[in-house]
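Student: sequence and computational prediction follow.
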Amino acid sequence: MLIKIEHILSSLRQTSCGKIRAIATGGTSRAVFLPDLPTVAESGYPGFSAVPWVGLAAPAGTPKTIVAKLYQEADKLLQTSEGKARIISMGMEPLGMGPQQFATHIAAEVNRWTKVVDDAGIKLE
């Protein structure tokens, strides 16, 4: 994984035009787009964090030099005002994350959600 882009609020348009009312955001910190909106943790559920994200990945076994170059180019794009504006216009917040950081993030997410599935007794049908 080369870059992480964290969704802030997938229903931002409906919230901003008054069709729905947001009561909290699932992130560990308040959303840039809705700074007055508390987090779920701030609303009485400490430790809660559930944020959808998307990222850029390369196939397993891609040489580290290629991965580093892809990361540098993608990160360079996210640092431009045009790149940031495009991501923000889609209701997302760009968070540059290097390859190792993102690999660690993915492993933590897999472990976390595996525990949720196991604790809930969810089985494939």
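Tutor: Looks like it came in fine. No experiment lies behind these values; they were computed from the predicted model shown. Residues are numbered from 1 along each chain as shown.
Student: buried residues, stretch 94-110. List them.
Tutor: 94-99, 102, 105 (16 or more other C-beta atoms under 10 Å). For glycine as for every other residue, the C-beta is placed from the backbone atoms N, C-alpha and C.
Student: mean confidence for that stretch?
Tutor: Mean per-residue pLDDT for stretch 94-110: 88.
Student: what's the span of stretch 93-105 from first residue to last?
Tutor: 17 Å (C-alpha to C-alpha, to the nearest Å).
Student: what is the longest helix along the chain packed up against?
Tutor: Secondary structure of the chain read by DSSP state H shows that its longest helix is helix 99-120. Helices and strands touching helix 99-120, by 3 or more C-beta pairs under 8 Å, 6 or more residues apart in numbering; DSSP states H and E, are strand 3-7, helix 64-79.
Student: which one of these has the lowest average pLDDT?
Tutor: strand 3-7 (a mean of 49).
Student: many thanks, have a good one.
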